[in-house]
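Participant: Starting from these lines, generate the structure:
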Amino acid sequence: MRTLGLLACLLAAWTSANAHAQLTAALEAEVVADDAAFFGGFGISVAMNDAGTRAVGGVPGLVTGATSVGDTVGGVVFLARGTGDWEVVDVAFGDTSRAGFAERVAMDAAGERVAVGAPSDGDGVVFVYRRDGDRWRIEDTLEPRLSTRSMRFGADLDLDGTGDRVVVGSPSYDLGAIDGAGAAYVFTRSGTRWTEETRLDLGTAAQRGDGLGGSVTIDADGRRLLIGARADRVTPTAARTGTARVYVRAGSTWTEEALLQGVGLADGDLYGDSLALSDDGDRACVLAPRDVFGSVTVFGRSGTTWTRQTTLRASSGSSYDRIFIDGGGERLAIRFINDEVQLRARSSATTWTVEQTIRPARTVSSLGTGLAFDATGSRMLLGDGGAASARSSRDRKSVV
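Facilitator: I've put the predicted structure just below:
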């Protein structure tokens, strides 16, 4: 077994068969760095397959060379769970000429493909890896057909369940003369070749600095996308509260299905900064981290109609930072800027009950910078991009 940095908290097996039962969690496994100085940011972005047997963690600060002051190339750590513990089965390295490697990672449902974003590499680039036994090999390199300077292609990304489509955000894309309007791209796979299917932008509604594509996610069958624009105005004279939009696919054509708006937002609330979408595309969650102490607006879909169901608000103290949802849309994880992670379960369309708050065990921590659920929400991979160790839990007992 190869050991690397403080990556993850994997939470396993509910104590009750009731999907809405109270959650507690216990440590299942911890992946620990031989030398944290070589593995900066390990776990800042993580992903896991539906079965909870394979996982991946981005290490954008990975250093090569004889000392920790060698070349920072970035890397990706691939994990597998056997009958016993979690093990590191492979590591992929970036290149000294390709900056920002592995700031974002995503994995398909079967754990056969992984997408890795490098948004700081020139205009940005995305690498797709395919599993070959326990080894992972580059399948293709994705770049937009038309690019603009420093467009941060790959700032966020997501793979659908089949591994046939990937959505890639590019929040600094310049739409003509409109700087930083942003865009999102969809690529499709045929065999081992990936091609650009479409670019989604705000067209005539775009304004400077909208930042569309800063957050993106796709449902399991690759039919619906949720895309955030955290500095967008609903109208040209409105405040820059941010927006989130749902796009739906018919064949290879994508059209906007709904504009998901929050309530009571003010300029700079960054609504759409972080997003979450259930596997069936029926439930969407949108974060506004600067709405007082932060808010999460939850929407439900019936057919092509989206309805605002509830808004969750941080009451005081630390603010919301990022959100994640399990495949069934039944459990929500909210990261706070003080590195705590709050787990909530849906008990009704309008009620999400707090189950547990996970707090970092170390003084220096960025717990929850990366987080991923398996399909059922019974196992959770919790990255700690600011420390040098990893956590994993089982039987839902406290990890504190």
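Participant: in what helix or strand does the nearest residue to residue 201 once chain neighbours are set aside lie?
Facilitator: Among residues not flanking residue 201 along the chain, residue 183 sits closest, at 4.4 Å (C-beta to C-beta, 6 or more residues apart in numbering). Every C-beta, even on glycine, is put in place using the N, C-alpha and C of the backbone. Using DSSP states H and E, residue 183 falls within strand 183-190.
Participant: How about residues contacting that strand?
Facilitator: 126, 128, 142, 144, 151, 153, 163-170, 173, 175, 194-201, 212-213, 216, 225, 227, 252, 254 (C-beta atoms under 8 Å, 6 or more residues apart in numbering).
Participant: Pull out the buried residues from the residues you listed.
Facilitator: Burial of the contacts of strand 183-190 was assessed by neighbour count (16 or more other C-beta atoms under 10 Å); the buried members are 126, 128, 142, 144, 151, 153, 163-170, 173, 175, 194, 197-201, 212-213, 216, 225, 227, 254.
Participant: hang on, the earlier thing: can you tell me which helices and strands the helix or strand that the strand holding residue 183 is followed by packs against?
Facilitator: Counting by DSSP H and E, the next helix or strand C-terminal to strand 183-190 is strand 193-200. Counting contacts by 3 or more C-beta pairs under 8 Å, 6 or more residues apart in numbering; DSSP states H and E, strand 193-200 is packed against strand 135-142, strand 183-190, strand 253-260.
Participant: Mind putting these into TSV with mean pLDDT?
Facilitator: Shown next, in TSV, are the helices and strands packed on strand 193-200 (pLDDT from 0 to 100):
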stretch	mean pLDDT
strand 135-142	97
strand 183-190	98
strand 253-260	98
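Participant: would you turn those into CSV with distance to residue 74?
Facilitator: Output for the helices and strands packed on strand 193-200, formatted as CSV (distance: least, C-beta to C-beta, whole Å):
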stretch, distance to residue 74
strand 135-142, 14
strand 183-190, 21
strand 253-260, 31
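Participant: Contact partners for residue 89?
Facilitator: Going by C-beta under 8 Å, 6+ apart, residue 89 touches 2, 78, 79, 80, 134, 135.
Participant: same deal with residue 198?
Facilitator: 185, 186, 252, 253, 254.
Participant: The fourth one - nearest residue in space that isn't next to it in sequence?
Facilitator: In this case it means residue 253. residue 198 (7.7 Å).
Participant: partners of that neighbour in the sheet?
Facilitator: residue 186 (DSSP bridges).
Participant: for the helices and strands packed on strand 193-200, which one sits closest to residue 246?
Facilitator: Among these, strand 253-260 comes nearest to residue 246, with 4.4 Å by C-beta to C-beta.
Participant: That closest one relative to strand 183-190, how many degrees between them?
Facilitator: Angle of strand 253-260 versus strand 183-190, following axes from the mean of the first three to the mean of the last three C-alpha atoms, to 10 degrees, is 140 degrees.
Participant: quick one: buried residues of the helix or strand where residue 91 lies?
Facilitator: Assigned by DSSP H and E, residue 91 belongs to strand 86-93. For strand 86-93, burial by neighbour count (16+ other C-beta under 10 Å) applies to 86, 87, 88, 89, 90, 92.
Participant: Could you tell me the angle between that strand and strand 135-142?
Facilitator: Orientation check (the same axes, to 10 degrees): strand 86-93 against strand 135-142 gives 40 degrees.
Participant: average pLDDT for strand 86-93?
Facilitator: Across strand 86-93, pLDDT averages out at 89.
Participant: same thing with stretch 56-69?
Facilitator: On average, stretch 56-69 scores 70.
Participant: same check, this time on stretch 379-395
Facilitator: Over the span of stretch 379-395, the pLDDT mean works out to 58.
Participant: Check stretch 227-245 too.
Facilitator: If you average the pLDDT values across stretch 227-245, you get 90.
Participant: Pull that stretch out as PDB, backbone CA atoms only.
Facilitator: Taking Å, rounded to 0.1, in the frame of the first residue of the first chain, the C-alpha atoms of stretch 227-245 are listed here in PDB:
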ATOM      1  CA  ILE A 227     -24.800  26.100 -14.200                       C
ATOM      2  CA  GLY A 228     -24.000  28.900 -11.800                       C
ATOM      3  CA  ALA A 229     -23.100  32.600 -12.600                       C
ATOM      4  CA  ARG A 230     -22.300  34.000  -9.200                       C
ATOM      5  CA  ALA A 231     -22.100  37.700 -10.400                       C
ATOM      6  CA  ASP A 232     -25.000  37.600 -12.900                       C
ATOM      7  CA  ARG A 233     -27.700  40.200 -12.900                       C
ATOM      8  CA  VAL A 234     -31.300  39.000 -13.500                       C
ATOM      9  CA  THR A 235     -31.800  42.200 -15.500                       C
ATOM     10  CA  PRO A 236     -29.200  44.800 -16.700                       C
ATOM     11  CA  THR A 237     -30.200  47.200 -13.900                       C
ATOM     12  CA  ALA A 238     -30.500  44.700 -11.100                       C
ATOM     13  CA  ALA A 239     -28.000  43.900  -8.400                       C
ATOM     14  CA  ARG A 240     -25.300  41.300  -9.100                       C
ATOM     15  CA  THR A 241     -26.800  38.700  -6.800                       C
ATOM     16  CA  GLY A 242     -25.900  35.800  -9.000                       C
ATOM     17  CA  THR A 243     -28.100  33.200 -10.800                       C
ATOM     18  CA  ALA A 244     -28.300  29.500 -11.600                       C
ATOM     19  CA  ARG A 245     -29.700  28.000 -14.700                       C
END
